[in-house]
Each structure stands twice: as structure tokens, then as C-alpha cells.
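Novice: I'll drop the sequence and a predicted model, then ask my questions.
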Amino acid sequence: MSSKTKTRKHEPQAADRSDSIDFYDDANHNYEDFWLGRDYEHRSELLALNKLLKNRHYHLAMDYGGGYGRISPVILEHADKLILSDPSTKQLNIARRFLDKYPNVDYLKLKQKEVIPVDDGTLDLLVMVRVSHHLEDPKGTFAAIARSLKPDGEAIIEIANEAHFINRLRYLKQLKPVPKQPIPVGRIANGIADNTPFFNHNPQTIDNLLAGVGLKTIAKLSVSNLRHEYLKQHLDVERMLAMEKFFQGKLSRLDFGPSIFFMVKKTDSK
Ligand SMILES: C[S@@+](CC[C@H](N)C(=O)[O-])C[C@H]1O[C@@H](n2cnc3c(N)ncnc32)[C@H](O)[C@@H]1O
């Protein structure tokens, strides 16, 4: 596996505010390698998606910022057609091979921040996982998502959670509230371009932003709740996943885990 992923410092760091969104084209960066040794996190996310999509079926879905298509097979179990969109040509090329056996996938290159190049009111479902991590101000992207959905369309939006349990303890120790605004969290390794921005978000702020663009939260899950090096070293992954499955719904009210999945529905009221 590539080197450790995080240089998380508790104090906010300066982040590059560049407008480019094609940083996954970096020749040295291999996003597939990032997942080596992260079976627990990967399968926790698939569990969450399966839970949220259970008994639902959609005509046209989009995996937005879908990368190489890691989570697309789960979406494809619940959709007739999928558009995998991403700004990285490299990721799109890998995705074409990774999803080779699915004839019902179209690939769409994203060229601009906050622009989803489909007609308004087109999508029945949009899924965005591990993308808000790159958004300093997700409001414009949420508005674009709302526009792209059909009137009763739904979206699953994942955020990296600044208010997770361990962080809350850290803030408490410093007698500080968990910040409402996005927090830059430094660089992630694996050879990703140095100017790649990473932000954690406050779930309450995200919920408000979503409501502000007409996306009402109808379900929420707390994900990767046991993500801790000690637990990963001492517990068998199947046992961790059994606990994860049990806790994802129950811990969501506490915004406990490092990753929060929002399921939202488009409403008329903004
Ligand atoms: C960490 S990967 C996640 C890929 C996939 N969703 C997954 O969960 O495996 C982040 C992806 O988001 C894409 N991306 C970065 N900024 C974006 C933006 N502003 N809009 C859409 N996609 C973006 C990147 O090219 C990359 O493929």
C-alpha cells in the first residue's frame, strides 16, 4: 500500500484554493492503491449505500465524481442506466475497464466546478461519495445537484465529518466548539498533486445547505464508525462489519463516525 493517507493537524491549515478539478489526472496518483488495506472502510460504504437504496429502483442514476467506478456496481443494482461523471480523464479511462461488463454505463467528463452537464430535471438519483472532501464551499455543487434531479429525484451525499466523536473530544479538550465552516485538513498522500484541497464538513451546516437548495434529508447514516488503527489491527474485518451494520443507523443521530451519508429528496420549497 502507498504511504499513510493523512497529515491531519487539529489546527486548520492553509489549503490551495485553485479552481482546477482534474487533480486525479496526476500521473503519480493511483486512487485504486488508496484502497489497499481499507477493506473495512470500502465495505462500510457499500453497506451504507445498500441500506439507503434497499427496495428502491431508479431509471437514470449518476455516480458524480465517480472516479474509477468503485461504488458504481452497487448503484447499478438499483438503476436501469448510470452516468459515471468525473473531471479526471485518467479515472474515466480506468472506470471504462473496471465497469467493462456493464453495457448500461455512460461516461461523462466534468469540465467545470459546480456544473453538471445534463439537462435540468434529468436524473432520478445522484450519488456523490468522497467528493465533498474536495469542496471548500459545497453550496454551488448542491445547487447543481438539485437542478439536475427530476422533481421527485433523490441523492446520496457523503461528507467527511469534522464533528466525529474523536474530534468532538479533541475540541472539548480545547474548550472549543466544533466549527460550523469547512475545515482544511492538509494533504493526502499517495502521490496526489500537492495542490489538492481537502476539507472536513460539519453535518449540521451540510443539512442546512442542502435544505437551502431544496434537498430535504430523508435518511442519514454514520459510516466507518470503527475506523481506528488499533481496532483494525485487533479485530477481524467481518466482525467489524457486523458491528458497523448494526450501528450505522443508530449512531447517525450523534453524527458519530468520520463519514456521514445523507439521503435527500428534491422538494419544491427552497
Ligand atoms: C476520492 S475520489 C472518489 C471517487 C468515488 N466517488 C469513490 O467513492 O470511490 C474523488 C473523485 O472526485 C473527483 N472530483 C474532484 N473534484 C470534483 C468536483 N469539484 N466535482 C466532481 N468531481 C470531483 C475526482 O476526480 C475523483 O475522481
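Specialist: Received, thanks.
Novice: contacts, neighbours, all on C-alpha from now
Specialist: Fine.
Novice: what residue is smack in the middle of the chain?
Specialist: Against the mean C-alpha coordinate of the chain, by C-alpha atoms, centre = their mean, the closest residue is residue 129 at 2.2 Å.
Novice: for the nearest residue to it once chain neighbours are set aside, which three-state class applies?
Specialist: The shortest distance from residue 129 to any non-neighbouring residue, by C-alpha to C-alpha, 6 or more residues apart in numbering, is to residue 158 (4.9 Å). Classification of residue 158 using DSSP: H, G, I helix; E, B strand; the rest coil returns strand.
Novice: roughly how far apart are residue 158 and the ligand?
Specialist: Distance, residue 158 to the ligand, using C-alpha to the nearest ligand atom, to the nearest Å: 9 Å.
Novice: again with residue 76
Specialist: From residue 76 to the ligand the distance is 14 Å (C-alpha to the nearest ligand atom).
Novice: surely that residue touches residue 70?
Specialist: No - Residue 76 lies out of contact with residue 70 (C-alpha atoms under 8 Å); the separation is 11.5 Å.
Novice: between those two, point out the one with more neighbours.
Specialist: More crowded of residue 76 and residue 70, by other C-alpha atoms under 10 Å: residue 76, with 20 against 16.
Novice: residue contacts, that one?
Specialist: If you count contacts by C-alpha atoms under 8 Å, 6 or more residues apart in numbering, residue 76 has them with residue 82.
Novice: from residue 99, how far out is it?
Specialist: 10 Å (C-alpha to C-alpha, to the nearest Å).
Novice: helices along the stretch 151-270 of the chain, start to end?
Specialist: For the stretch 151-270 of the chain, the helices defined by DSSP state H, counting those that start in this stretch cover 165-173, 203-212, 229-234, 237-250.
Novice: any idea how far the residue nearest to the centre of the chain lies from residue 79?
Specialist: From residue 129 over to residue 79 the distance is 17 Å, taken as C-alpha to C-alpha.
Novice: now the residue nearest to residue 129: how far from residue 203?
Specialist: Applying C-alpha to C-alpha to residue 158 and residue 203 gives a distance of 10 Å.
Novice: list the residues that contact both of those two?
Specialist: Common contact partners of residue 158 and residue 203 (C-alpha under 8 Å, 6+ apart): residue 260.
Novice: buried stuff in the worst-scoring helix or strand of the chain on mean pLDDT?
Specialist: Within the chain, no helix or strand scores below helix 229-234, which has a mean of 83 by mean pLDDT, DSSP states H and E. By neighbour count on 16 or more other C-alpha atoms under 10 Å, the buried set for helix 229-234 is residue 232.
Novice: ok now it, how far from the chain's centre?
Specialist: 23 Å (C-alpha atoms, centre = their mean, to the nearest Å).
Novice: again with stretch 119-129
Specialist: Distance of stretch 119-129 from the chain centroid (C-alpha atoms, centre = their mean) equals 15 Å.
Novice: begin at 4 from now on, thanks
Specialist: Got it, the first residue is 4 from now on, which makes the last one we talked about stretch 122-132.
Novice: what residues does the stretch 104-253 of the chain put near the ligand?
Specialist: By C-alpha under 6 Å from any ligand atom, the residues of the stretch 104-253 of the chain that approach the ligand are 116, 131, 132, 133, 134, 137.
Novice: can you pull the contacts of the third one?
Specialist: Just to be clear, that refers to residue 132. 67, 68, 69, 159, 160, 161, 162 are the contacts of residue 132 under C-alpha under 8 Å, 6+ apart.
Novice: greatest separation within those residues: which pair is it?
Specialist: Taking C-alpha to C-alpha as the measure, the contacts of residue 132 span a maximum distance of 14.5 Å, between 69 and 162.
Novice: show me where the chain has strands.
Specialist: Taking DSSP state E as the criterion, the chain carries its strands at 61-67, 82-89, 108-112, 126-131, 152-163, 186-187, 202-203, 218-226, 262-269.
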